[in-house]
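Participant: how would this look folded up:
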Amino acid sequence: MAQTTTSSENRQSLWLFSAEEIASIPPYEKQFVRKLAAYIIVCSEMLSLPLPVAHYAVVLLTRYDMLYDLEPRTEAPYIAAACLFLACKVQETHKRLRDVVFWTVRVRTRKSRDYPGGEEVVEGSVRYVEEKENLLSAERDVLRCLHFDIFLETPHSSIVQLAKIYGDTRENQRMLAQFALNVLHDTYVSIPFLHIRYRAKEIATALVAFAAAMYDYPLPDRTTENDQSDKDNRLVAFHEYFQVNRIVLNEIWKRVLDCYEPEYSSEEKTNSLSKEEEKHQ
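Facilitator: Okay, here's the model as predicted:
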């Protein structure tokens, strides 16, 4: 199990980009990616997809953008739709191609002059065949661009795991998990590049700590066994569970705080995290 986890994290690390690389993206392109991410989220809601599937698609989209600039182009919505369709396959959430075509077209054309409620594409029509071919062509493009490596890990399960471990009651466990998951959902639209800058477990740890700070809930140390062959136990602080560096935690916190309250100083806000961390030193 440990070897599998390490292997998965190593694969994920190959797709992490430096702060300098992300900062080099023009602001208008970042804004365009945010719009496409929001498009994916809305389409996923129409398709009744679980949140991890939509989030998976957004990360594929940002990976694609890092390798092949997603400047405003007519084919960009098809790339977004293809990422969503691929995410459905990888996450084993079976959605028929016709349903993905129907809703991605309808959402994309909403509020247009000809289709204020969104164009409804009927399977078998010339329009449907055209849209289907465009989506499948975009899917092949995404796969080639990403070298057919579309594996990634989302923070959802790690958030739930941390909440169960460090929440002292079921109510607090639900509180920590739900708040952190809500913030996570927002980040995929507001700061999608966060998920190609940090590991999923780093983001999960930061968001659970963020939830605890917002509710003024002290994260307790938890006694866990250090090694199966060693009977001695040690107290593990919340950030040590997934071996997350405190500097990384602060970096993620600042990004999240700037996203929610840009009018306030993120440095001032992160003082509460620093105080929280001091309790575990």
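
Participant: what about the helices in the stretch 51-200 of the chain?
Facilitator: 51-67, 76-90, 97-109, 126-145, 156-166, 170-190, 200-214 (DSSP state H, counting those that start in this stretch).

Participant: contacts for the fourth one?
Facilitator: Spelled out, that is helix 126-145. 60, 64, 67-68, 75, 78-79, 81-83, 85-86, 97-98, 100-101, 104-105, 119, 121-122, 150 (C-beta atoms under 8 Å, 6 or more residues apart in numbering). C-beta coordinates here come from the backbone N, C-alpha and C atoms, glycine included.

Participant: pLDDT averaged over that helix - what is it?
Facilitator: For helix 126-145, the mean per-residue pLDDT is 95.

Participant: could you list the buried residues of it?
Facilitator: 128, 131-132, 134-135, 138-139, 141-142, 145 (16 or more other C-beta atoms under 10 Å).

Participant: my guess is Ala204 meets Ala163, correct?
Facilitator: No: counting by C-beta atoms under 8 Å, Ala204 stays clear of Ala163, with 9.5 Å between them.

Participant: so which of the two has more stuff around it?
Facilitator: Taking other C-beta atoms under 10 Å, Ala204 and Ala163 do not tie; Ala204 has more neighbours (29 against 23).

Participant: in contact with that one, which residues are there?
Facilitator: 155-156, 158-159, 161-162, 180, 242.

Participant: circling back to that earlier point, nearest to Tyr39, out of the helices of the stretch 51-200 of the chain?
Facilitator: helix 76-90 (5.5 Å; C-beta to C-beta).

Participant: I'd like the average pLDDT over that closest one.
Facilitator: 95.

Participant: list of residues touching it?
Facilitator: By C-beta under 8 Å, 6+ apart, helix 76-90 touches 32, 36-37, 39-40, 43-44, 47, 49, 53-54, 56-58, 60-61, 64, 70, 93-95, 97, 100-101, 104, 108, 134-139, 141-143, 150-151.

Participant: low-confidence ranges, the stretch 51-200 of the chain, go.
Facilitator: 71-72 (pLDDT under 70).

Participant: let's go with 50 and repeat that
Facilitator: Under the criterion of pLDDT under 50, none of the stretch 51-200 of the chain is flagged as low confidence.

Participant: understood, closing this out.
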